[in-house]
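Colleague: Dropping the sequence and predicted coords here.
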Amino acid sequence: MSYLEYSVQTTPSGPRKILYLNWPLALLLLAVASVGFLMLYSVAGGSFAPWAEPQIKRFAAGFVGMVLIAMVPVWFWRNVSGVAYLGSLALLLAVELFGAIGMGAQRWIDLGFIRLQPSELTKITMVMLLAAYYDWLPVRKVSHPVWVAVPVLMILLPTFLVLKQPDLGTALLLLCGGGAMMFFAGVHWAYFAAVIAAGSGLVAAVFKSRGTDWQLIKDYQFRRIDTFLDPSNDPLGAGYHITQSKIALGSGGWTGRGFMQGTQSRLNFLPEKHTDFIFTTLAEEFGFLGGASLLVLYALIIVFCFHSALTNQNRYGALLTLGIGTTFFLFFAVNMAMVMGLAPVVGVPLPMVSYGGSAMLVLLAAFGLVQSAHVHRPRGRR
Amino acid sequence: MRRTPKDSAESSRRITRRGLLLGGAQLGVMGLLGARMRYMQVDQADEFRLLAEENRVNIRLIPPARGEIFDRNGRLVAGNEQAYRIVITREDAGDVDAVIDRLSRIVKLDPDELEKARTEMARSAPFLPITLADRVSWDDISRVAVNAPALPGITPEVGLSRIYPLGKDFAHVVGYVGPISDYDLERMEEPDQLLRIPRFQIGKVGIESKLEDNLRGKAGARRVEVNATGRVMRELSRREGQPGANLQLTIDHMLQNYVQARMGDDSASAVVMDCQTGDLLAIGSSPSYDPNLFVRGISVADYKALTENDYRPLASKTVQGTYPPGSTFKMVAALAGLEAGIITAEDTYYCPGHLEVGGRRFHCWKGGGHGHMNLEGSLRESCDVYYYELALEVGIERISDMAQRLGIGVRHDIPMSAVAQGLAPDKAWKKEIRGEDWLIGDSVNSAIGQGFVLASPLQLAVMTARIATGHAVSPRLLKSVDTVEQPDGRGPSLGLNENHLRQVRKAMYQVSNNRRGTAYSNRIAEDAFRMAGKTGTSQVRNITAAERARGVTRNDQLPWNRRDHALFVNFAPYDNPRVAVAVVVEHGGGGSTAAAPLARDITLQALYGDDPPLTAYPEKDRGRIRSQQERLRALRPADESSAKSRA
């Protein structure tokens, strides 16, 4: 949509825009974040320090940021998509070149007030760029091989850089998120079928490469896959995460052990209980009811996103919303599958709940874009 | 690109179609996740609960207090004291070497102990505490506590440790405990789980070892909640253990102290036994050692000093040591002859100073001979030829049989380590063990307690008590276990002719109280407590012809370890026997000079229950005894103000 198109519509303007925010979505985000606060308070042994308090502050700041982003017309965001994408690629290169060494992988840049993970940012900017690309591309051309190759490059470039870090989890999320964008845009089925076939081949190749000179992924990644397939063969080593996580989750029962009564997390059997494995604490302390409730909240966020997207006549806004919603879905689905032992342990946090500054801020910014698309959607009959 | 309405509509349609499809797929995945969650949390909940519980709960043993040991008057002989130790938990310490280095600047650490700790560290889990210093003073503990922030992983701990307040006096009786070793564990078929506690103290020798099962007690347990690293977070429940049984000995600690002090540093042993009940009132072996050294593991240097000492301080000579009993065995031969009806007390043999038997000359200790000797004279003056002649007529079987009836060559059941059986040889024994025929010379040698005959001081005391009472008295060391009185040592009559016994006792009386008796100079002057005894001097080896040629005929010209053993046995008072005493001074020379004074002093001490008045001693001894009493009084244990009979 062009500015002309936009201006002829009856759209809210000025401070009134705030009333047109997708408030249910905002409240759902607040609810999910509150679950996070509660769990961070619990795993710290009933204390706001060291996790809950900074998380609350960051959420407050991020929430304000989200509203501010929502106030900016969505076509502005569309126009800066390319710049944002290139900026995040530059940051990815920067971590590759200067990034601090953390946890055996170069993942973040210390900006002083925050440790920025460019890979987090890239997930969003890539979605923005793809949305802008398909907004620009006529529908009849989307399946043309040349016009398919362009977005594929857009996806593979950051994926490659993230894989170099190495961060397998994020790389897969980028691939899936980008693929979903192309799917939404209407790229022909055959491409996806081909990619899935090729992907299966690649997986086979990865396993084949093990122990050879051209090994494609690192040993620890192989081991994670091994222990995912059979956690019991290394219960105190690499399988420890999965085993303990399943024990915590399973021992929750229907209603859980009660707030701050989870023995697994309180006695440190759970690794990274405040970040990637925070869901197990929730499941242990509040049981199936607690875990399912969070799942329902997430599901509602997805439903509201998709509803907003599918009722949006603006192609950029719709694609952006669908892409961000899907990225969000991928986050929590992979995290939950991981703690339930359905997926290998890849470092994917539980969105809006796990402790972590940049992930939450980036997600809130992304939902700011979703809100912007919602506020600035074309209204009235055309 | 300019967009046509048609294009927009097509785009919208596609986005809607694809969006619904993928959105539906996403909801489907969430449904799957929910189902999986439900399966784990509801269907498998019990299973995971159990696993979580196993994670969380650990059983820790509570070591029971070891049973205490008291003397017959309730004086504590082996007890438990609170011992402070410094332990390190590697996991909390971080840089172990740096922490130990810092600690060693505050507290003196034993390098041996440190070395031990390091090997232990290398093979145990990082969260298990390892002892760095044991038996630390309270001062050191407080210094560690004050400096705690600088010493991560270091904690002072308190536990019970064995202590022997009377030290050396009871080392050979009670033995000692020590930290359990891998070797100890290997030998046991089903070790008590308590024994898996590192450095758990178990009895190593003596009563501590023999009555380990009674003393140890039953472990308590506490269920504790541990975190992922194994650290105890809190206690969930607790079941107290059962402390070990307290033991009471028949030993009188004052007499025991006197015996040990009186023997001093000689290589000697002495047994004091109640003639009637068999209660061992004192059973001492010297030199002795401090059992407290062993409790936490003795240093190599200290241990070497003990093992390389010729006087064998570690051996309990009263029960482990077996010696040719020498002339103290003559009562056995005499009773064998009397009981067999081969001799009467009045029959005499002629002693010319030697006897030719089977082409070999057997000497009497008195070169010039004793002349005509009857039973009384032969014992009084310890004539050897009388017994050579007697043996030729009585035969070894009767002598061996009598020895066993009197308690020689049979193992007495008392809870000390390595109680020896001794040997009362006979023809069958020699055939079986040595594969040789019994020679007549063997009988001759045996009659004077030489040759193959071997007896421990304990057996000699038993023999004396049996001769004194005519009853089969057995020794008893354990008075009660957890206040349950143990059966005493009274036995049935030996079935010996009372006349014969009286004749032998009378002869023994003469040994000590007749001017011609071998122990006359070491008699008891107090009429009520007159004693009856017998000296013995047993050859360790014959003086060789070569030595004789060199002019070596006297014992004190030989190196120490080839000199004769000096022995003495006695009971007192003569007319109402209360105590039987046996003394052996290894390589001490003559029984009358080395052993008899010891036995006399010990007997008097036992009868009076304290230092006897000087009038109990012969006049010429009194000056020496006075200074001896003063010297030994200084070695007495301090009064235990809180001495209470708990047993």
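Modeller: That came through, no problem.

Colleague: what about B:Gly536, is that helix, strand or coil?
Modeller: Under DSSP: H, G, I helix; E, B strand; the rest coil, the three-state class of B:Gly536 is strand.

Colleague: all helices of chain A, in order?
Modeller: A:3-8, A:23-43, A:52-71, A:74-98, A:118-136, A:145-164, A:168-185, A:189-209, A:219-229, A:240-250, A:263-266, A:278-310, A:315-339, A:357-375 (DSSP state H).

Colleague: Now render those as a markdown table, adding mean neighbour count, mean pLDDT and distance to B:Val585.
Modeller: To be clear about C-beta, it is placed using only N, CA and C from the backbone, and glycine gets the same treatment. Listed next are the helices of chain A as a markdown table, based on neighbours: other C-beta atoms under 10 Å in any protein chain shown; pLDDT from 0 to 100; distance: least, C-beta to C-beta, whole Å:
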| stretch | mean neighbour count | mean pLDDT | distance to B:Val585 |
| --- | --- | --- | --- |
| helix A:3-8 | 11 | 48 | 122 |
| helix A:23-43 | 20 | 93 | 77 |
| helix A:52-71 | 18 | 93 | 83 |
| helix A:74-98 | 18 | 88 | 90 |
| helix A:118-136 | 25 | 92 | 92 |
| helix A:145-164 | 16 | 91 | 90 |
| helix A:168-185 | 23 | 90 | 86 |
| helix A:189-209 | 12 | 87 | 86 |
| helix A:219-229 | 17 | 72 | 75 |
| helix A:240-250 | 25 | 80 | 70 |
| helix A:263-266 | 26 | 73 | 70 |
| helix A:278-310 | 23 | 93 | 77 |
| helix A:315-339 | 26 | 93 | 82 |
| helix A:357-375 | 24 | 91 | 88 |
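
Colleague: Compile these into JSON lines and extend it with columns for distance to B:Asp279.
Modeller: Listed next are these as JSON lines, based on distance: least, C-beta to C-beta, whole Å:
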{"stretch": "helix A:3-8", "distance to B:Asp279": "115"}
{"stretch": "helix A:23-43", "distance to B:Asp279": "69"}
{"stretch": "helix A:52-71", "distance to B:Asp279": "75"}
{"stretch": "helix A:74-98", "distance to B:Asp279": "88"}
{"stretch": "helix A:118-136", "distance to B:Asp279": "88"}
{"stretch": "helix A:145-164", "distance to B:Asp279": "89"}
{"stretch": "helix A:168-185", "distance to B:Asp279": "82"}
{"stretch": "helix A:189-209", "distance to B:Asp279": "83"}
{"stretch": "helix A:219-229", "distance to B:Asp279": "70"}
{"stretch": "helix A:240-250", "distance to B:Asp279": "63"}
{"stretch": "helix A:263-266", "distance to B:Asp279": "59"}
{"stretch": "helix A:278-310", "distance to B:Asp279": "67"}
{"stretch": "helix A:315-339", "distance to B:Asp279": "74"}
{"stretch": "helix A:357-375", "distance to B:Asp279": "83"}
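
Colleague: can you tell which of the ones you listed is closest to B:Thr119?
Modeller: Closest of the helices of chain A to B:Thr119 is helix A:240-250, at 28.5 Å (criterion: C-beta to C-beta).

Colleague: Output the lowest mean pLDDT helix or strand found in chain B.
Modeller: When each helix and strand of chain B is scored by mean pLDDT, DSSP states H and E, helix B:545-549 comes last, with a mean of 60.

Colleague: Work out the sheet partners of the helix or strand following it and label each with its direction, please.
Modeller: Per DSSP states H and E, the first helix or strand lying C-terminal to helix B:545-549 is strand B:565-572. Strands flanking strand B:565-572 in the sheet, each with its direction: strand B:532-538 (antiparallel), strand B:579-585 (antiparallel) (DSSP bridges).

Colleague: could you check whether the top strand by length along chain B is close to chain A?
Modeller: What stands out as the longest strand in chain B, according to DSSP state E, is strand B:76-89. No: legend: contact between strand B:76-89 and chain A by C-beta under 8 Å from any C-beta of the partner chain is lacking; minimum distance shown is 15.5 Å.

Colleague: which residues sit in contact with the residue of the stretch 101-250 of chain A found nearest chain B?
Modeller: The minimum distance from the stretch 101-250 of chain A to chain B, using C-beta to the nearest C-beta, falls at A:Gly250 (2.7 Å). Residues in contact with A:Gly250 (C-beta atoms under 8 Å, 6 or more residues apart in numbering or on different chains) are B:Met40, B:Gln41, B:Gln44, B:Ala45, B:Glu47, B:Phe48, B:Arg49, B:Leu51.

Colleague: What residues of stretch B:326-342 count as buried?
Modeller: Neighbour-count burial for stretch B:326-342, counted by 16 or more other C-beta atoms under 10 Å in any protein chain shown, picks out B:326-340.

Colleague: which ones among those are found in strands?
Modeller: Using DSSP E, none of the buried residues of stretch B:326-342 sit in strands.

Colleague: tell me which of these is nearest to A:Met360?
Modeller: After measuring these against A:Met360 - C-beta to C-beta - the closest member comes out as B:Thr328, at 97.7 Å.
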